[in-house]
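> got a predicted structure plus its sequence, pasted below:
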Amino acid sequence: MRATLRIVSILYAGAIYAFIFLPVVVLVLFSLQATSFPIPPFTGPSLRWYGAVLADARLTSALVNSLVVAVLSSLAATVLGFLAAWGFARFHLPGSAFLRGLITLPLTVSYLIIGMGLLVMFNWAGVPKSLLAAGIGHVVINLPLCFAIIYSQMGDHQVNIERAARDLGAGEGTVLVLITVPVMAPALFAAFFLSMTFSWDEFVIAFLLTRFDTTLPVEIWNLLRSGLNPKTNAVGSLVFAFSIAMVLLFELVAFRRRRA
């Protein structure tokens, strides 16, 4: 009986992983297709379409745009989320629970609604569609996540360390920069990388708030409008590889900190 349950458990786990990763495997497989049609039978392997992607100025420009928007918006969201979390954790504010709820409220709102609201507000303020507008939108959706991660890691032990530094004559700014930030480094690191991952893959807000300079998900959508294109498989594989590299980098840094 126990052996049967073990076999069933293994088969069930295998089915779950196959369900999750089979589309990715197919995507990567047909990105290596040598012919112009990403359909069976498989003919390859070939790096033809990866070369076509790197030779496409629009795709490479969109790739750079995505990286710039992801890094800068994630950095801004992490800094603002940290300052908000530090303020709520270290000072007693009237209605702090309500205010914390307001900060995390965008986590429960559809990106489509947020994007439409930002589009209306930017039109009213005279802000044109651009990568800057998309970056602001990404800060709006990622700041609540960064705040939640960082605020959850602010404990009493950090308060005692900060109090000891103040007793030794350190100013508030010095305590914040030299004590609080290093102690909170793992949470800041996690918030930044998770925010960057979400910004890198985000489509709806980038689609609504950009015009001529677009991000990579928007450019992929433009390719798909004309039907199946082998270049989209190559681009998707590159995006997947980038996401995996970010996860591995995060795990490597976290593992080293745990060992230290």
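Received it, and whenever you're ready, just let me know what you need.

> where does the stretch 1-150 of the chain dip in pLDDT?
1, 34-44 (pLDDT under 70).

> from memory Ser46 sits against Gln33, does it?
Yes. Between Ser46 and Gln33 there is a contact under CB atoms under 8 Å: 6.9 Å. Glycine gets a C-beta too; all of them are placed from N, C-alpha and C.

> comparing the two, which shows the higher neighbour count?
Gln33 (22 against 14; other CB atoms under 10 Å).

> just say helix, strand or coil for the more buried one.
Using DSSP: H, G, I helix; E, B strand; the rest coil, the secondary structure recorded for Gln33 is coil.

> just use 16 as the starting number from now, easier for me
Okay, residue one is now 16; in that scheme the one you just asked about reads as Gln48.

> now it: how far from His107?
Computed as CB to CB, to the nearest Å, the Gln48 to His107 distance reads 62 Å.

> how about Thr230?
41 Å.

> counting neighbours, go ahead and name the busier of these two.
The residue with more neighbours, out of Thr230 and His107, is Thr230; 31 against 6, by other CB under 10 Å.

> so what pLDDT did the more buried one get?
We have a pLDDT of 86 for Thr230.

> OK, contacts around it?
By CB atoms under 8 Å, 6 or more residues apart in numbering, Thr230 lies in contact with 77, 80-81, 84, 146, 149, 217, 221.

> if we ignore the residues flanking it in sequence, what's nearest Arg226?
Of all residues not flanking Arg226 in the chain, Lys144 sits nearest, at 4.1 Å (CB to CB, 6 or more residues apart in numbering).

> looking at it, the one you found is touching Thr229, isn't it?
No. Between Lys144 and Thr229 there is no contact under CB under 8 Å: 9.9 Å.

> neighbour count for those two, which is higher?
Neighbour count, other CB under 10 Å: between Lys144 and Thr229, Thr229 has more, with 22 against 17.

> what helix or strand is the residue lying closest to the more buried one once chain neighbours are set aside located in?
In this structure, Thr229 finds its nearest non-sequential neighbour in Ala77, 5.4 Å apart by CB to CB, 6+ apart. Take DSSP states H and E as the rule and Ala77 turns out to sit in helix 72-105.

> ok, then the element right after that helix?
helix 111-119.

> buried stuff in that following helix?
115, 118 (16 or more other CB atoms under 10 Å).

> please apply the same query to stretch 34-52.
42, 44-48.

> do the same with stretch 73-83
Quick answer for stretch 73-83 (16+ other CB under 10 Å): 74, 77-78, 80-82.

> quick one: the closest residue to Gly96 other than its chain neighbours and Thr93, what's the gap?
Closest residue in space to Gly96, ignoring its immediate chain neighbours: Cys161 at 3.0 Å, by CB to CB, 6+ apart. According to CB to CB, Cys161 and Thr93 sit 5 Å apart.

> and Tyr65, helix, strand or coil?
Per three-state DSSP, Tyr65 ends up helix.

> what's the answer for Asp228, then?
Once three-state DSSP is applied, Asp228 turns out coil.

> that one against Val79, yeah?
No. Counting by CB under 8 Å, Asp228 stays clear of Val79, with 9.9 Å between them.
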